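1. Turn this into a model:
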Amino acid sequence: MCGIVFIKTPAFYEYHLKICDRFLDRVCYSDRNVFVIFLERTAGNALLLFLVLAGGLHPACLPLPVVTLLYRFYTFGGTLAILFSVYAVPGAVVALALYLPIHLLVDVVFLLAAGISFSRAFFFSFCESDLKELLIDFLALFCLIALICLLEMILLLALFHPLGNLL
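-> Residues are numbered from 1 along each chain as shown. This is a model prediction of the structure:
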């Protein structure tokens, strides 16, 4: 909601407009290889997943998942407002077919990771078993993110990229 509410101010509007332009240019209507886009999007989401799970290392780190999720929610609302208001029908198609479902699925994984972090933060010790559990959680959630990014790659290929961009 904050992204939609603050979109009217010039500084926030320019910021969200730049995010939308970059998304449309580099992801949706790019001539780049869809596999490269898949790798970039997976790596970016893995970094955010790492930040969210790092909140479970100590109670003082708990603001990390909160700040990460608030930023994602803020940019999500602003980006949707820009896609619908500035780009009209093409923006609505991108938003409904690609941006909205993928972003919501990734956010579900991040919310799950935040729940794990909050439940772990007060009991985590840097022993081998706790570190192993943290690594297993990261790998399991990373696999979910990779599957979501694979779905995004398939949607990009089917809806926006020509078949020549597969390789």
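2. quick one, phi psi at residue 160?
-> Main-chain torsions, residue 160, degrees, to the nearest 10: phi -120, psi -30.
3. And for the nearest residue to it once chain neighbours are set aside, the neighbour number?
-> In this structure, residue 160 finds its nearest non-sequential neighbour in residue 28, 4.9 Å apart by C-beta to C-beta, 6 or more residues apart in numbering. In short, each C-beta sits where N, CA and C put it, glycine included. Residues lying near residue 28 (other C-beta atoms under 10 Å) number 20.
4. Repeat that for the one 3 residues further on.
-> Using other C-beta under 10 Å, residue 31 has 8 neighbouring residues.
5. Numbering from 45 from now on, please.
-> In the new numbering, first residue 45, that becomes residue 75.
6. Show the pLDDT at it.
-> You'll see residue 75 listed with a pLDDT of 81.
7. Thought residue 201 was touching the residue nearest to residue 204, still the case?
-> No - judged on C-beta atoms under 8 Å, residue 72 makes no contact with residue 201 at a distance of 11.5 Å.
8. what comes into contact with stretch 100-111?
-> Applying C-beta atoms under 8 Å, 6 or more residues apart in numbering, the contact partners of stretch 100-111 are 95-99, 154, 157-158, 160-166, 168, 178.
9. one more time with 10 Å, if that's ok
-> 92, 94-99, 114, 154-155, 157-170, 174-175, 177-178, 181 (C-beta atoms under 10 Å, 6 or more residues apart in numbering).
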